[in-house]
Each structure stands twice: as structure tokens, then as C-alpha cells.
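Q: How does the following fold in three dimensions:
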Amino acid sequence: MSLLQQLKQQFTTRYGVEGVAFTAPGRINLIGEHTDYNGGFVFPGAVTQGITAIVRPNGSSKVRAYALDLDLECSFDIHDTEMPESTHLRYLYGIVREMMERGVKVEGFDTVYGGDVPLGAGMSSSAALECCFATAINTLFDGRLSKMDLALAGQATEHKYVGVKCGIMDQFISMHGKAGNLVRLDCRSGEYRYFPWHPNGYRLVLINSRVKHDLVGSPYNERRKSCENVALKAGLESLRDCDWDKLNSIRDALSDTDYSRAKYVIGEHERVLAVCDALERDDYEEVGRQMYATHAGLRYDYEVSCDEIDFLVETAEKLGVTGSRIMGGGFGGCTINLVKESLYDQFVKETCDRNKSTFGIECKVIPVIIGDGARKL
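A: Numbering: from 1, shown residues only. This is a model prediction of the structure:
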């Protein structure tokens, strides 16, 4: 039975009626990590895995929800000012509150939801959940908000209700994804451009280390603070405007940590643009070189990698994989790998075998298909 069928069946069993199905995808990010909250460029794509929800207004002010994957049930009044204790439920509560704040006349609803985007893998399951319900609420209650408005509502949910000061990339691509295309997004201006993704002879695949990470709290926010410190001392709005000359001119005023963080961000800005140029000429070998360079920066300068992830990237390089790096906020999750078709089977088998013998962990292989953004089914 498919996920959609399971959700429909569970919804009918619980509420005695049928609802409307909505879905929103998780994402990959080819390159451009930790640049979004620095006003820079990112290069994501929506995937076919995501969050799906069955939703139906219930004529009250109550939201009744059941998370199928977690076997978690909750209810709250849309006018409650006290948010749920569970972090997971704060995403749903927060998006309801943010949609109301944007003028949507939200009423109570019943929902059953679940997904196939792996939790804690750096594929933005949280953004998928926010965008799925933002789309549902906007549709069912005639909100008439734009896709970008819905993405911003999701971002605000992370900031205000979960405590992660994320940039806009995850929610943006969950709303704006387009099958067969990656998107270069300027996170400061909001301008974006679709790039057809047709890597003939190559495949994208994620290797999930199954090392869980949690971005709530200090690790993520501390790095954002470092970037803000450097921008402030440079007299700039954000690190987007900082170049090597400017950074080196204020080197003595910076801590070693803040300098390293800024060094990574400036380099990553250049790498994103280099990948765009490489894709224009179908130079996937250059794309791969830039991916490895990004991982080195995330490992040594931004310090968001870990032993398990470094092992996966090193294994990929030894096996001749074109490009590999950690993907997502860091501290575990997945590597994203650009692999020649001729090497794919060997790479997958060798990587899983070596990881199991080294760490005793069965890593998970997640083939990537670039899909569409949030929508009513």
C-alpha cells in the first residue's frame, strides 16, 4: 500500500470522512551550504520524497492531527497562545499561527500526515512539513498568498517556534521546485533561475550516514553569529558583500574561529557561481571538483562535519566518484554524490560494506530524482 493510500485509509478511519491530499518535497542542495543566511547563492532541487497530508476543515477552531510515521496524536485550538511542548508538533502549530498572522482566515481542521523523506538526513523534512501545511491552509481557506509568502511563513515557523535561525533555501525550494531542474536562488534579492539538470552518464545519490543531527540550539546558531560578527566588523550588511581583500584587512580584529567561518562562506559563494558556469557547458567534472572543495571547507573551516561523514567522502574519492560532500546543516546526515553510471553499483556496494565494517552502521542509499514543489494532489 502506498503512503498516500495509508494516509487516506487512516484519515477515513479516524474522522469518518474523506479529506484533500497535499504534498511538499524535501530537497537536495548541489552546492551552496550555509550561504543562504549570509545573503548569498544556493543551488537546490526538490526531490520526489516529501511530506504528504490529508486535510479537511472540521467547522471548529480545533486542529486534530495524527502523525502516521511517529504514531503521534495531538490537538490544539488555533487561538492557543501557548505552543506544544513537542518540537515536532511546533512545526504544525507554528505554520497555523504564521498563516493567521498573514491574514489567512484559518479555521480548525483534521489531518493525518506522513512522509518518506528521511528525518535527520539533511533533506529538510521540516521545511517539507511546513510547506505542505502552508499550501493546504492557503488552498482550503482561500488564502491567496504567493509561493514566496508561504516559504517565508515556513521560515518564520523555524525562527519563532523551533529556535533554528535558518535561511530561506529549504522552504523556497519546497515551494518552487520543478521536475528536472535545479534552481540558483539569490537569497538576498529573492531572484532565481532554473537550470536544467541532465547529467548524462552521471547519477546523483545520497548516502545517509544514519548519524542523527539536531540543529536546534547552539551549533547552527553559533555559526550564524560568527558570520554576523565578521560582517559587522567589516561594516557590511552580510558576508555576501565581503571579498578576500576586505576579510584580510580586518583579520587582526577577528577571532580565529570567526575568520575561518568567513573564509568558508566567501569561498562557497565563488564555488556556487563556478558550478553554474560549469553546468552551462555540461562540465560535470568541474562540478565534482567544486563539491569536494565545499566539503573541505565545511570540514576544516566551518567545522560542521563528523568522522562518519568524512569517512564517506574519503571513500567516495578513493573509489573515483566525481564529486562528494556533506549536505545540509551538518553534524551528520547525508553525503551527496555525483557518480558516473559505470561506477555506480560498485560505489554503492563498497561504500556500504566499508561503512558497516568501520562503524557498525548500515548506511542507507537514497537515489535522487529531481521533482516538483508543493501542491494539491
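Q: need the contact list for H295.
A: Each residue near H295 by CB atoms under 8 Å, 6 or more residues apart in numbering is listed here: S305, V313, S324, R325, I326. Where C-beta positions appear, they are placed from N, C-alpha and C, glycine not excepted.
Q: Quick one: the helices in the stretch 201-350 of the chain, in order.
A: With DSSP state H, counting those that start in this stretch, the ranges of helices along the stretch 201-350 of the chain come out as 218-234, 244-249, 256-280, 284-296, 307-318, 344-359.
Q: and the ones you listed, which one is worst for confidence?
A: For those, mean pLDDT drops lowest on helix 218-234, to a mean of 91.
Q: For it, name the packing helices and strands.
A: Counting contacts by 3 or more CB pairs under 8 Å, 6 or more residues apart in numbering; DSSP states H and E, helix 218-234 packs against helix 244-249, helix 256-280.
Q: Pull out the buried residues from the longest one.
A: In other words, helix 256-280. 258-266, 268-269, 271-276, 278-279 (16 or more other CB atoms under 10 Å).
Q: Quick one: list the elements packing against that helix.
A: Against helix 256-280 (3+ CB pairs under 8 Å, 6+ apart) you get strand 41-42, strand 181-186, helix 218-234, helix 244-249, helix 284-296.
Q: Mind listing residues that contact that helix?
A: By CB under 8 Å, 6+ apart, helix 256-280 touches 30-35, 38, 40-43, 182, 184, 195, 223, 226-227, 229-230, 239-240, 242-244, 247, 251, 254, 284, 286-287, 290, 293-294, 297-298, 300-303.
Q: swap in the shortest one?
A: Applying CB under 8 Å, 6+ apart, the external contacts of helix 244-249 come out as V230, A234, L236, Y259, A262, K263, I266.
Q: can you do 6 Å?
A: A234, A262 (CB atoms under 6 Å, 6 or more residues apart in numbering).
Q: tell me which residues of that helix are tucked away?
A: Buried residues in helix 244-249, counted by 16+ other CB under 10 Å: K246, L247.
Q: tell me how far it is from the chain's mean position?
A: Between the centre of helix 244-249 and the centre of its chain there are 31 Å (CA atoms, centre = their mean, to the nearest Å).
Q: Tabulate the CA atom coordinates of that helix in PDB.
A: This file holds the C-alpha atoms of helix 244-249, laid out as PDB (Å, rounded to 0.1, in the frame of the first residue of the first chain):
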ATOM      1  CA  TRP A 244      39.100  38.300   0.300                       C
ATOM      2  CA  ASP A 245      40.800  41.800   0.400                       C
ATOM      3  CA  LYS A 246      38.100  43.100   2.900                       C
ATOM      4  CA  LEU A 247      38.400  40.000   5.000                       C
ATOM      5  CA  ASN A 248      42.100  40.100   5.200                       C
ATOM      6  CA  SER A 249      42.000  43.800   6.000                       C
END
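Q: Okay, strands next: where are they in the stretch 51-200 of the chain?
A: Assigned by DSSP state E, counting those that start in this stretch, the strands in the stretch 51-200 of the chain fall at 62-67, 72-77, 109-115, 181-186, 192-196.
Q: closest to V365 out of those?
A: strand 109-115 (18.2 Å; CB to CB).
Q: tell me the mean pLDDT for the closest one?
A: For strand 109-115, the mean pLDDT works out to 97.
Q: What strands line up against it, and which way round?
A: When pairs are called by DSSP bridges, strand 109-115 turns out to pair with strand 44-57 (antiparallel), strand 62-67 (parallel).
Q: now those as JSON lines including mean neighbour count, distance to G373 and mean pLDDT?
A: Listed next are the strands paired with strand 109-115 as JSON lines, based on neighbours: other CB atoms under 10 Å; distance: least, CB to CB, whole Å; pLDDT from 0 to 100:
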{"stretch": "strand 44-57", "mean neighbour count": "25", "distance to G373": "5", "mean pLDDT": "97"}
{"stretch": "strand 62-67", "mean neighbour count": "20", "distance to G373": "22", "mean pLDDT": "96"}
